[in-house]
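Peer 1: Sequence and computational prediction follow.
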Amino acid sequence: MVLTRYLVDDKNRKKAIVLSFRDYQHLIARIEELEDALDLDNALRTRTGFRDYSEIRKELKEQGRL
C-alpha cells in the first residue's frame, strides 16, 4: 500500500509531496524511459540517409574493411 504524504501551508493547501526514496527512483527511471521514447520518435521522424545494416556490411566486405 502506498501512503501519499503532502506538505501543506498554513491554510492547509497542498504544496509538496513526500516520496520514499524507492518511489522517487522509480519515478525518475520512468521519466528517463519516456525521454528515450521521445528521442526515438524524433529520430524516426527526422531521419535522413539511414541505411540498412546488411547493406553497410556488404559494402564494407566488398571494400575489404570487414
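Peer 2: Cool, got the structure. Given the structure is predicted, the values throughout are model-derived calculations rather than measurements.

Peer 1: what stretches of this structure score poorly on pLDDT?
Peer 2: Along the chain, the model assigns pLDDT under 70 to residues 1-2.

Peer 1: in the longest helix along it, what's buried?
Peer 2: Criterion DSSP state H: the longest helix present in the chain is helix 21-45. If you call a residue buried by 16 or more other CB atoms under 10 Å, then helix 21-45 has no buried ones at all. No exception for glycine: its C-beta is placed from N, CA and C like everyone else's.

Peer 1: Whatever helix or strand comes next after that helix packs against which elements?
Peer 2: Later in the chain than helix 21-45, the nearest helix or strand by DSSP states H and E is helix 53-62. Of the remaining helices and strands, none touches helix 53-62 by 3 or more CB pairs under 8 Å, 6 or more residues apart in numbering; DSSP states H and E.

Peer 1: contacting residues around helix 53-62?
Peer 2: Helix 53-62 has contacts (CB atoms under 8 Å, 6 or more residues apart in numbering) with residue 66.
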